[in-house]
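Student: The following comprises the amino acid sequence and a computationally predicted model.
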Amino acid sequence: MLKIWGRSNSVNVKKVMWCVGELGLPHERIDAGGAFGLVGEAGYRSMNPNGKVPTIDDDGYILWESNAIVRYLAAKHGAGGLWPTDPAARGLADRWMDWSSTSFAGPFGQVFLPLVRLPPEKRDPAAIANAAAECGKLLAIIETALADRPFLGGEELTIGDIPLGCAAYGYFNLPIERPSLPHVEAWYQRLTERKAYRDAVMIPLT
Ligand SMILES: N[C@@H](CCC(=O)N[C@@H](CS)C(=O)NCC(=O)O)C(=O)O
């Protein structure tokens, strides 16, 4: 059976758990990382030398890096659905996965980490507000992308929605200023209507 190591409130673990939920895969999740520890132990490090979560073991096939895991599971079990088989369609979905990790995750982390992991007296409100404004500017790109389609990859949910969709739950539920982005808000609303999203992503942030 598919084994997944990682605490459920990690945004990177959420990607895998949401993907697994969409695909309906039997699995076992093992708490690791944060207060659960384990990631520093030699056994874990032999699977994932980064000491980070998530890591999966799929009948002896070990994989880490959340986006790579999502791509692997979707290609194996969701070809033609979550994982577009047409190379052009898959290129668009892949692009949004990478964009989420390389463009959005940085500024979003500067909002999320202090608000969720730091006590109020240790936060820098100006830095958080600046980072939130940067997130809003970046999401204006998504606003345009979603003007003629319900999901980032097209008519249906694909892997392209997964990384940004996980961050979106934090973005829309943290106490920050958000510009009006109707298409992004409608897309987020669409995600919240999915059971797999609610189960894996819409859980307490702390
Ligand atoms: N690029 C990696 C990043 C993994 C990562 O940084 N995971 C965080 C949680 S979101 C982690 O393991 N932090 C240490 C911990 O939880 O103990 C991925 O996408 O899988």
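Tutor: Good, I have the coordinates.
Student: tally of neighbours for residue 87?
Tutor: By the criterion of other Cβ atoms under 10 Å, residue 87 has 8 neighbours. Quick note: C-beta positions are derived from backbone N, CA and C, even for glycine.
Student: before we move on, what about residue 147?
Tutor: Residue 147: 9 surrounding residues under other Cβ under 10 Å.
Student: which ones are touching it?
Tutor: residue 183 (Cβ atoms under 8 Å, 6 or more residues apart in numbering).
Student: dump the residue contacts of residue 97.
Tutor: Taking Cβ under 8 Å, 6+ apart, we find residue 97 in contact with 67, 70-71, 159-160, 162-163.
Student: How about the secondary structure of residue 156?
Tutor: coil (DSSP: H, G, I helix; E, B strand; the rest coil).
Student: quick one: which of the contacts of residue 97 is most hemmed in?
Tutor: The most crowded member of the contacts of residue 97, judged by other Cβ under 10 Å, is residue 162 (30 neighbours).
Student: Contacts made by the helix or strand where that one lies with the rest, please.
Tutor: Under the criterion of DSSP states H and E, residue 162 resides in helix 162-173. Outside helix 162-173, the residues that touch it by Cβ under 8 Å, 6+ apart are 11-12, 14-15, 18-19, 66-67, 70, 96-97, 99-101, 104-105, 108, 111-112, 116, 135, 139, 142, 152, 178, 184-185, 187-188, 191, 197, 201-202, 205.
Student: which strands and helices sit next to the helix or strand hosting residue 184?
Tutor: In the assignment (DSSP H and E), residue 184 maps to helix 182-192. Counting contacts by 3 or more Cβ pairs under 8 Å, 6 or more residues apart in numbering; DSSP states H and E, helix 182-192 packs against helix 125-145, helix 162-173.
Student: helix, strand or coil for the residue of the chain positioned farthest from its centre?
Tutor: No residue in the chain has its C-alpha farther from the mean C-alpha position than residue 121, which lies at 28.2 Å (Cα atoms, centre = their mean). Of the three states, residue 121 takes helix under three-state DSSP.
Student: returning to that earlier point: now the contacts of residue 97 in JSON lines, please, with extra columns for distance to the ligand, secondary structure and pLDDT.
Tutor: What follows is the contacts of residue 97, written out as JSON lines (distance: Cβ to the nearest ligand atom, whole Å; DSSP: H, G, I helix; E, B strand; the rest coil; pLDDT from 0 to 100):
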{"residue": "67", "distance to the ligand": "6", "secondary structure": "helix", "pLDDT": "98"}
{"residue": "70", "distance to the ligand": "9", "secondary structure": "helix", "pLDDT": "98"}
{"residue": "71", "distance to the ligand": "12", "secondary structure": "helix", "pLDDT": "98"}
{"residue": "159", "distance to the ligand": "13", "secondary structure": "helix", "pLDDT": "98"}
{"residue": "160", "distance to the ligand": "16", "secondary structure": "helix", "pLDDT": "98"}
{"residue": "162", "distance to the ligand": "11", "secondary structure": "helix", "pLDDT": "98"}
{"residue": "163", "distance to the ligand": "8", "secondary structure": "helix", "pLDDT": "98"}
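Student: between these, which is nearest residue 40?
Tutor: Residue 40 lies nearest to residue 67 out of these, by Cβ to Cβ, at 23.5 Å.
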